[in-house]
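> need a 3D model of the sequence below.
(4 chains)
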Protein chains: 2
Amino acid sequence: MNTSFENLKQELKEKNINLSYQRLKVLEYLNNNRCHPTVDKIYTDLHKELSTLSKTTVYNTLRVLAESGMVRVITIEDNETRYDINVENHGHFKCDSCGEIYDFSVNIDSLIGEGLDGFMINSKNVYFNGICPNCLSNKN
Amino acid sequence: MNTSFENLKQELKEKNINLSYQRLKVLEYLNNNRCHPTVDKIYTDLHKELSTLSKTTVYNTLRVLAESGMVRVITIEDNETRYDINVENHGHFKCDSCGEIYDFSVNIDSLIGEGLDGFMINSKNVYFNGICPNCLSNKN
DNA sequence: ATTAGATTTGTAATGATTACAAAATTAAAA
DNA sequence: TTTTAATTTTGTAATCATTACAAATCTAAT
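Numbering: from 1, shown residues only, chains lettered A, B, ... in the order given. I've put the predicted structure just below:
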């Protein structure tokens, strides 16, 4: 069990979130699969080794983790909510051809919205759409 | 009938999109209601004066307009797709308390995603969340 | 061990969006 | 102008992600 996961467990504990088996499994999954999975993918994959898992639990857990700031909710597309355990400063690019989501480096924190004086800003998201190099070369 | 709407009609024509009555009504609505309306709001409001209008038509029209680049699709929240006739360079702030969406000025075009060499970028979106001044002062 | 509270589970309900085919409208051709 | 073909609109039904809910299970504290 790697250190990173232990840190995440510690973080849960500090935030007074119960360390139930299911929650730890979801957290571990997100830590090992940094592909911005959907609820369905998380559920389907975890269900293989944890057949009693309910999809509702995955939803509940992700809500708890998002509210606590441990995961970032990605709504780059309206028909699929995705989750990212990497809450650091970065942007998301979605390929409209293959659907893959790529991280990219952009200094979001330094983005200042002019005209937002007096607003309390809680989160910033930068989403790009287009075609990835793979699909461009495959002429999809 | 204002000039701006005439320009929009012209733009439709140039893009070879049929100027049906329903499409013109939706376009006119978006031009007059720059509050980033949802499909349901557009439909409900237009239905009052055009009782034969179907919600499917609103969906179809918005898809056509979005594909042609005449409206921007806003998916700041996963449970409500919104539409903006202002496709110029700006960001969107959603108040988590009252739900209102505010435009703000940010130089999106100049945002360069480092690590996106070889990617074809078709659209860029900047979304902020937080609490607006109104709700802050109302202590909601 | 007991109890209270939190979590999980499965099913049913919700709600936005899409699929589809018939009806209506528009555009093009004769 | 009539005819024909193509496009658009409409209403209903289907789909799919998400949420609501209540019973069952689990956890933590006494």
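
> now do the contacts for A:Gly130.
A:Phe93, A:Cys95, A:Asp96, B:Phe119, B:Met120, B:Ile121, B:Asn122, B:Ser123 (CB atoms under 8 Å, 6 or more residues apart in numbering or on different chains). C-beta coordinates here come from the backbone N, C-alpha and C atoms, glycine included.

> ok, the fifth one touching A:Leu136?
Looking back up the chat, that one is B:Met120. Yes. Judged on CB atoms under 8 Å, B:Met120 makes contact with A:Leu136 at a distance of 6.1 Å.

> skipping adjacent residues, who's closest to the residue in chain A that DNA strand D sits nearest to in space?
Per CB to the nearest atom of the strand, A:Thr81 is where chain A lies closest to DNA strand D, at 3.2 Å. Using CB to CB, 6 or more residues apart in numbering or on different chains and skipping residues adjacent in sequence, the residue nearest A:Thr81 is B:Asp78, 4.5 Å away.

> can you read off the pLDDT for the one you found?
Looking at B:Asp78, its pLDDT is 86.

> now A:Lys55
Model confidence at A:Lys55, given as pLDDT, is 97.

> check the one 5 residues further on too.
pLDDT for A:Asn60: 97.

> follow-up on the earlier one: where does the residue of chain A closest to DNA strand D sit: helix, strand or coil?
The local conformation at A:Thr81, judged by DSSP: H, G, I helix; E, B strand; the rest coil, is strand.

> which residues does it contact?
Neighbouring residues of A:Thr81 by CB under 8 Å, 6+ apart: A:Thr38, A:Val39, A:Val73, A:Ile74, A:Thr75, B:Asp78.

> can you say which of those residues are buried?
A:Val39, A:Val73, A:Ile74, A:Thr75, B:Asp78 (16 or more other CB atoms under 10 Å in any protein chain shown).

> count the neighbours of the closest residue to A:Pro133 other than its chain neighbours for me.
Nearest residue to A:Pro133, sequence neighbours excluded (CB to CB, 6+ apart): B:Gly118, at 3.9 Å. Other residues lying near B:Gly118 total 10 when counted by other CB atoms under 10 Å in any protein chain shown.

> element containing B:Gly118?
Assigned by DSSP states H and E, B:Gly118 belongs to neither a helix nor a strand.

> is it true that it touches A:Leu136?
Yes. With contact defined as CB under 8 Å, B:Gly118 counts as touching A:Leu136 (7.2 Å).

> pretty sure A:Lys55 is touching A:Lys41, no?
No. The criterion here is CB under 8 Å, and A:Lys55 misses it with A:Lys41 at 11.4 Å.

> tell me which of those two has more neighbours.
Comparing A:Lys55 with A:Lys41 by neighbour count (other CB under 10 Å), the higher total belongs to A:Lys41, at 17 against 14.

> what about that one, which SS state?
Quick answer, by three-state DSSP: A:Lys41 is helix.

> name the next helix or strand downstream of the top strand by length along chain A, please.
In chain A, with assignment by DSSP state E, the single longest strand is strand A:120-131. Next in sequence after strand A:120-131, counting helices and strands by DSSP H and E, comes helix A:133-137.

> hmm, who's touching that following helix?
A:Cys95, A:Ser97, A:Cys98, A:Glu100, B:Gly118, B:Phe119, B:Met120.

> would you list every one of the helices in chain A?
Assigned by DSSP state H, the helices in chain A fall at A:3-14, A:21-32, A:39-49, A:55-67, A:133-137.

> now for the fourth one, which elements pack on it?
In this case it means helix A:55-67. helix A:21-32, helix A:39-49, strand A:80-84 (3 or more CB pairs under 8 Å, 6 or more residues apart in numbering or on different chains; DSSP states H and E).

> pick the most buried one from these.
Most buried of those by mean neighbour count (mean count of other CB atoms under 10 Å in any protein chain shown) is strand A:80-84; its value is a mean of 20.

> what's the domain layout of chain A?
Using automatic domain parsing, the domain parsing of chain A gives A:3-84, A:91-137.

> of those domains, which is nearest B:Glu28?
Smallest distance to B:Glu28 across these (CB to CB): 24.2 Å, for domain A:3-84.

> that closest one and DNA strand C, are they touching?
Yes. Using CB under 7 Å from any atom of the strand, domain A:3-84 reaches DNA strand C at A:17-18, A:20-23, A:50, A:52-57, A:60-61, A:78-79.

> no further queries at this time; thank you.
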